[in-house]
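Student: Sequence plus the predicted model coming up.
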Amino acid sequence: MIRVEGLTKNYGSLTAVDHVSFAIEEGICFGLLGPNGAGKTTTIEMMEGILAPTEGTILFRDQAIGANFHERVGIQFQHTALQEFITVEETLKLFSALYIRHRDLEEVIEICSLRDILKQDNRKLSGGQRQRLLLALALVNDPELVFLDEPTTGLDPQARRNFWSLIEKIRAEGKTIILTTHYMDEAQELCDDIAIMDHGHIIARNSPENLLSAHFEGVLVRLPWEESQPLPFPENVRRINNHIEIHSQDVDKTLHELIHAGVHLEGLSIHAPDLEDLFLKLTGSSLRS
Ligand SMILES: Nc1ncnc2c1ncn2[C@@H]1O[C@H](COP(=O)(O)OP(=O)(O)OP(=O)(O)O)[C@@H](O)[C@H]1O
């Protein structure tokens, strides 16, 4: 549906996005992941047509982005200033009037669970309510493609989960979604396909399941770090802050070896590798700065 080739953005001597290429299929939720400053926002702002690339091309349905592109896409920006002293309902009508294409506002209100706050002033909205309204504003023109730039940053865990179910509803309608996030659990939950960005480059690209199975076999055994602990199999052991992590293909065998070596197992946990672990493996640094 949308393809970028050699996409590059320089800010003076800084290359924020460095010859990035990928294509996104119709009907999927695509996640662009990476830590703060990786170049995610810059990449999607170029794809949204609001930031001019230094180099590279963007094709939407095999054509260069044209004048009617903004009618066909919906954008939820990371920072949007909402008009003050007007209600949620008035805001929806105001934004809807900006487009030729419309979706029935009743449907948008239903999808984004806005019914109870329609008469509320924009200044009085909670973080979760505000994000739901911003999502609704991205849907008023019934877009084919929806861009969501870090839509759950700053939300509490419950509000994040509620927001995920809204995204699921939009995807179930067949819309294509491009989502940036630095929450790996969000990507794992929502995305069919992901690209992990770091320092302006795509360092991995595939479905979350394929990426994990390509990079990991087995499980991670974690233990609290103690200076005095004797540790067998040093090649599989990595120290991360205040714990150590053992990459194990055979949990029974690993536990047996640990016990045999006299390691205290108090605080031990076993978990399946996730995208956070993948990022650590690929870059050697933790995702959250
Ligand atoms: N207008 C600008 N002028 C100069 N540098 C910029 C500008 N916008 C972004 N940058 C720099 O480009 C790099 C990429 O920024 P970008 O906002 O795209 O990253 P991000 O992955 O979206 O990060 P975040 O998760 O914090 O939003 C950063 O080093 C940032 O400081």
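Tutor: Thanks, I have it. Please read these numbers as outputs of a predicted model, since none were measured by experiment.
Student: May I have the phi/psi pair for Ile75?
Tutor: phi -130, psi 120 (degrees, to the nearest 10).
Student: Tell me, how many residues neighbour the closest residue to Leu59 other than its chain neighbours?
Tutor: Nearest residue to Leu59 in three dimensions, chain neighbours excluded: Arg3, at 4.7 Å (C-beta to C-beta, 6 or more residues apart in numbering). Quick note: C-beta positions are derived from backbone N, CA and C, even for glycine. By other C-beta atoms under 10 Å, 15 other residues sit near Arg3.
Student: Hmm, Arg3 is touching Val20, no?
Tutor: No. If you go by C-beta atoms under 8 Å, Arg3 and Val20 don't touch, sitting 11.4 Å apart.
Student: what's near enough to touch Ile58?
Tutor: By C-beta atoms under 8 Å, 6 or more residues apart in numbering, the residues touching Ile58 are Ile2, Arg3, Val4, Glu5, Leu7, Met46, Met47, Gly49, Ala64, Ile65.
Student: just Thr57 next, same as before
Tutor: Val4, Glu5, Gly6, Leu7, Ala64.
Student: Need the three-state assignment for the fourth one.
Tutor: This means Leu7. Secondary structure state of Leu7, per DSSP: H, G, I helix; E, B strand; the rest coil, is strand.
Student: what pLDDT does it get?
Tutor: You'll see Leu7 listed with a pLDDT of 97.
Student: Write out the residues of the stretch 151-289 of the chain neighbouring the ligand.
Tutor: Contact residues, the stretch 151-289 of the chain versus the ligand (C-beta under 6 Å from any ligand atom): His182.
Student: just so I have it, where are all the helices in the stretch 1-150 of the chain?
Tutor: Secondary structure of the stretch 1-150 of the chain, counting by DSSP state H, counting those that start in this stretch: helices at 40-47, 69-72, 88-96, 105-111, 127-139.
Student: whoops, the stretch 151-289 of the chain was the one
Tutor: With DSSP H, counting those that start in this stretch as the criterion, the stretch 151-289 of the chain has helices at 157-172, 184-190, 208-215, 251-260, 275-283.
Student: Averaged over its residues, which helix or strand of this structure has the lowest pLDDT?
Tutor: strand 237-240 (a mean of 80; mean pLDDT, DSSP states H and E).
Student: That one packs against which elements?
Tutor: Packed against strand 237-240 by the contact rule (3 or more C-beta pairs under 8 Å, 6 or more residues apart in numbering; DSSP states H and E) you find strand 243-248.
Student: Tell me if I'm right that Asn36 and Met197 touch.
Tutor: No. Asn36 is not in contact with Met197 according to C-beta under 8 Å; the separation is 11.2 Å.
Student: how much space between Pro230 and His260?
Tutor: With the distance defined as C-beta to C-beta, to the nearest Å, Pro230 ends up 10 Å from His260.
Student: follow-up on the earlier one: output the helices of the stretch 151-289 of the chain as CSV; include the columns mean neighbour count and mean pLDDT.
Tutor: As requested, the helices of the stretch 151-289 of the chain are exported to CSV (neighbours: other C-beta atoms under 10 Å; pLDDT from 0 to 100):
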stretch, mean neighbour count, mean pLDDT
helix 157-172, 15, 90
helix 184-190, 20, 90
helix 208-215, 15, 91
helix 251-260, 14, 90
helix 275-283, 18, 85
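Student: Do me a favour and get the backbone dihedrals for Asp104.
Tutor: phi -60, psi 120.
Student: What is the neighbour count of it?
Tutor: 11.
Student: Could you report the distance from it to Glu168?
Tutor: 20 Å.
Student: burial of the residue of the stretch 101-250 of the chain found nearest the ligand, as a residue count?
Tutor: The stretch 101-250 of the chain approaches the ligand most closely through His182 (5.3 Å), counting by C-beta to the nearest ligand atom. His182: 18 surrounding residues under other C-beta under 10 Å.
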